[in-house]
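Asker: All I have is the shape, not the residue letters:
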């Protein structure tokens, strides 16, 4: 495992804990010689994460849409920046170029990207582990929702165990190091 896709907010959020966790993750990536793949923006937690990794000597690969480049949100100091035509292409490329996926706190886009990555894992289209960095319980309501999917019969226990919610980077990276993709879903 050498390349980590991170999904996170294009704003900072209103709790300093999100910014501290972003810096923690950046430092962890650099300390463990892991390359960052992310959405290519220079704003919010995205920009903070990329800047922190670069400042500490790490490598950062951005994948951004042409639409967002035109809105001038691209971070121009990256190791490399790929400009693609759509979010669908960006999401697909991020999964293909990375070895694992982490979601820091963020909004609907962050949530959509990590949920799609997990859904694709269940279909056999994404071999990467998916993790929610659950800073200050930010994702706890979603964790409850996934547990409810198991209770109500919409998600298997085995597949639920393939998705981690944690506020510990050691636990997150241990989970990712020992991860095996879920069995490809069948419909018998």
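Answerer: Noted; the coordinates are in hand. As the structure is a computational prediction, the values presented were derived from the model and not from experiment.
Asker: the bottom helix or strand of the chain by mean pLDDT?
Answerer: Within the chain, no helix or strand scores below helix 66-70, which has a mean of 88 by mean pLDDT, DSSP states H and E.
Asker: List the buried residues for that one?
Answerer: Across helix 66-70, burial judged by 16 or more other C-beta atoms under 10 Å covers 68-69. Where C-beta positions appear, they are placed from N, C-alpha and C, glycine not excepted.
Asker: go on, stretch 164-176?
Answerer: 164-167, 169, 172-173, 175-176.
Asker: mean confidence for that stretch?
Answerer: For stretch 164-176, mean pLDDT is 98.
Asker: what's it in contact with?
Answerer: 1, 21, 24-25, 28, 32, 99-100, 102, 129-137, 139-140, 142-143 (C-beta atoms under 8 Å, 6 or more residues apart in numbering).
Asker: name the element residue 83 belongs to?
Answerer: strand 80-84 (DSSP states H and E).
Asker: Starting from that strand, tell me which strands it pairs with and how they run.
Answerer: The strands beside strand 80-84 in its sheet (DSSP bridges) come out as strand 60-65 (parallel).
Asker: just how off-centre is the strand it pairs with within its chain?
Answerer: 13 Å (C-alpha atoms, centre = their mean, to the nearest Å).
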